[in-house]
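Visitor: 3D model of this:
(4 chains)
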Protein chains: 2
Amino acid sequence: MRTDNKIEPAIRTRHATNRAADRILAAARDLFYKQGIRAIGVDEVVRKAGVTKPSLYRSFSSKDELAATYLRQYDHDFWEHFEESVKAFPGDPRAQILHFLEGVARRSQKPRYRGCGMTNAAVEYPEPDHPARRVSEENKKELRRRLRAMASAMGARDPDDLGDGLLLLLEGAYISAQLFGPDGPSRSLARNAELLIEASLRG
Amino acid sequence: MRTDNKIEPAIRTRHATNRAADRILAAARDLFYKQGIRAIGVDEVVRKAGVTKPSLYRSFSSKDELAATYLRQYDHDFWEHFEESVKAFPGDPRAQILHFLEGVARRSQKPRYRGCGMTNAAVEYPEPDHPARRVSEENKKELRRRLRAMASAMGARDPDDLGDGLLLLLEGAYISAQLFGPDGPSRSLARNAELLIEASLRG
DNA sequence: TGACAATGTTACCGATCGGTACGTATAGGT
DNA sequence: ACCTATACGTACCGATCGGTAACATTGTCA
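Guide: Prediction:
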């Protein structure tokens, strides 16, 4: 396997055995998300994956690249999830975003919830050129773009302000969930978003 | 800049006791805030402080305790700053919180801004019993209490929801500032808070 | 069966991690 | 001048960090 890693769901023509790389990525995903990237060493990743260190470095050029791959997968899953809410309410951006935020709020009630892996990674790696941070920043820029577009489609007086406001609430919910646990402010995410949307529409 | 004690025939009274500890704490404060606690080793702290490692461990029992002390100082400065906004508009909680949020938004425009040291530390240390996280959680709990109380004093329909909404916006601004830089969503923090407050008041 | 690629095994690297034993230098009080 | 207390520095600790070299083993397909 190459050291150039994309999110490539085992379409390997010959062998379907990406087993080692997949197990490593699955282990990294769990450990990195729950405990943080810096807190987890590569030894712990390979131990949990049931493989050895050379196997990791055959599939990933470095720990940083493994972290970036973990985030690329996170990005993929995030948008998949986001699109579900979009498709659930065609042509109704207000219902779309509210449905999505309700989902985040619901999930943030789970006891082991640790917020957004992207956001957390950006906090862990402030250096602008770190591969993990690059993925995270790209994801957030696209999210901002989408939210502003949805705010515009809702007919907001100032779409950029509303889109940014919704993003602030969302990011706040991600962080608050891991700070306060199940009974934190994230519970009222959708309610506050609804109020903010109402107050931002024309008329 | 070199602050060698040979060149400087300073008053090495027993105030020198605090000097090493103060220099260490000042160095730790700067490094921990800008680069993260896990990213900075104790060697780097003492090097920046111009002291040696044993000096650190004479004043702080461990790196974790140094981090907790850094956050306790952060907590003190935070509330000092918060109280300034409160005192600037006596009896007007709406103006108080808006003034505070405007200050956060203004500061978040500065290029090296890295959000809230408390929030960042909580992301870096998910373990509930870590000394740094304990300080952070306590600070956030008190902040939530204050915001809810202010929302109540404003006459909000549902004070807890509004207080939590303002907290979501604030935490979102902390995070967004370091994710997006000066032109990020944090710019619209006060505007969105104002809208949310308006929409949350009775009548 | 033979070729080949993926994976495992073992041992190792230099650097850095947080932390400390122990001797030295300097102060103030007498 | 001397004593004592204490701040400070030198040198070091074992553990762990991310990462690698060299070779053995396995499974799959031609």
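Visitor: contact partners for the closest residue in space to residue A:29 that isn't next to it in sequence?
Guide: Excluding its sequence neighbours, the residue lying closest to residue A:29 (Cβ to Cβ, 6 or more residues apart in numbering or on different chains) is residue A:70, at 5.2 Å. No exception for glycine: its C-beta is placed from N, CA and C like everyone else's. Residues near residue A:70 by Cβ atoms under 8 Å, 6 or more residues apart in numbering or on different chains: A:25, A:28, A:29, A:32, A:33, A:37, A:117.
Visitor: I'd say the fifth one and residue A:113 touch.
Guide: No. No contact is recorded between residue A:33 and residue A:113 when judged using Cβ atoms under 8 Å, the distance being 9.9 Å.
Visitor: for these two, indicate the residue with more neighbours.
Guide: Set residue A:33 next to residue A:113 and count neighbours by other Cβ atoms under 10 Å in any protein chain shown: residue A:33 wins out with 21 against 18.
Visitor: okay, buried residues for the one helix or strand that one maps to please.
Guide: Element membership for residue A:33 (DSSP states H and E) is helix A:19-35. Within helix A:19-35, the residues that count as buried by 16 or more other Cβ atoms under 10 Å in any protein chain shown are A:20, A:21, A:23, A:24, A:25, A:27, A:28, A:29, A:31, A:32, A:33.
Visitor: with stretch A:48-64 instead?
Guide: A:48, A:49, A:51, A:55, A:56, A:57, A:59, A:60, A:61, A:63.
Visitor: could I get those residues as CSV with pLDDT and secondary structure?
Guide: Output for the buried residues of stretch A:48-64, formatted as CSV (pLDDT from 0 to 100; DSSP: H, G, I helix; E, B strand; the rest coil):
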residue, pLDDT, secondary structure
A:48, 94, helix
A:49, 93, helix
A:51, 93, coil
A:55, 93, helix
A:56, 95, helix
A:57, 95, helix
A:59, 92, helix
A:60, 95, coil
A:61, 94, coil
A:63, 97, helix
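Visitor: among those, which are within reach of DNA strand D?
Guide: A:57, A:63 (Cβ under 7 Å from any atom of the strand).
Visitor: how about the buried residues of stretch A:48-64, which pair is most distant?
Guide: A:48 and A:61 (20.3 Å; Cβ to Cβ).
Visitor: now residue A:75. Nearest residue, chain neighbours left out?
Guide: Using Cβ to Cβ, 6+ apart, the closest residue to residue A:75 is residue A:139 (4.8 Å).
Visitor: could you give the angle of the helix or strand hosting that neighbour to helix A:19-35?
Guide: In this assignment (DSSP H and E), residue A:139 forms part of helix A:131-154. Counting by axes from the mean of the first three to the mean of the last three Cα atoms, to 10 degrees, helix A:131-154 lies at 70 degrees to helix A:19-35.
Visitor: give the contact list for residue A:122.
Guide: A:133, A:136, A:137, A:140, B:175, B:178, B:179.
Visitor: any chance of these in TSV, plus pLDDT, distance to DNA strand C and neighbour count?
Guide: Compiled in TSV, these are given as follows (pLDDT from 0 to 100; distance: Cβ to the nearest atom of the strand, whole Å; neighbours: other Cβ atoms under 10 Å in any protein chain shown):
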residue	pLDDT	distance to DNA strand C	neighbour count
A:133	97	19	23
A:136	98	23	26
A:137	98	25	18
A:140	98	28	22
B:175	98	24	32
B:178	96	22	21
B:179	96	25	26
